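Q: could you work out the structure for the sequence below:
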Amino acid sequence: MTSLSFSIVARRSILNFKVLQTITRRYVQSGPGSTSHDATNAAKRGLNEALRTGENLKNQATSSAENMADSTKDSAHGVADKAKQAAHGAWESAKETAHKTKDNVFGKADEAKESVKETAKRSMNTKKDPNC
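A: Residues are numbered from 1 along each chain as shown. Below you'll find the predicted structure:
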């Protein structure tokens with residue numbers, strides 16, 4: 001089918017006749033058995049599978065990150081506990097060393113004190129009794 005149309009060109013005063021052909025649109029038939037329907041369904045299935053895969057990857061990444069965080073936290077607690085035990089052991093050792101040192105120093109001081117007393121007694125005795 002053809003139709004005629006008129007168009008006016010601005011510079012020319014002559015009428016320009018163009019013959020236009022009418023184009024009828026054809027729509028793709030998409031019934032239950034058609035290939036376009038199958039392709040659409042395959043595309044939907046592919047998209048859904050891609051979405052599920054992406055969600056699974058996100059969940060795995062989140063789970064891995066949480067596991068790493070828990071592992072790091074546990075390791076940090078372990079290191080802190082070991083440091084606390086080492087500090088406690090060092091403190092106990094320092095206290096024990098201080099007690100031993102105190103006992104030794106006071107023990108030797110007591111011995112020296114007794115020795116001075118004995119020496120003073122002997123000295124006093126020799127002054128009193130020159131024959132000794």
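
Q: could you report the neighbour count for His37?
A: A total of 14 residues lie near His37 under the criterion other Cβ atoms under 10 Å. Placement of C-beta: from N, CA and C, glycine included.

Q: name the helix or strand for it, please.
A: Using DSSP states H and E, His37 falls within helix 35-128.

Q: elements contacting that helix?
A: Applying 3 or more Cβ pairs under 8 Å, 6 or more residues apart in numbering; DSSP states H and E, one finds that helix 35-128 contacts no other helix or strand.

Q: and it, average pLDDT?
A: Confidence over helix 35-128 (mean pLDDT, whole number) is 88.

Q: what's around Ser71, how many residues?
A: Using other Cβ under 10 Å: Ser71 sits among 10 other residues.

Q: also the one 4 residues further on?
A: Neighbouring residues of Ser75 were enumerated by other Cβ under 10 Å; the total is 10.

Q: and it, how far from Asp81?
A: Relative to Asp81, Ser75 is positioned 11 Å away (Cβ to Cβ, to the nearest Å).

Q: over to Arg122?
A: Arg122 sits 61 Å away from Asp81, going by Cβ to Cβ.
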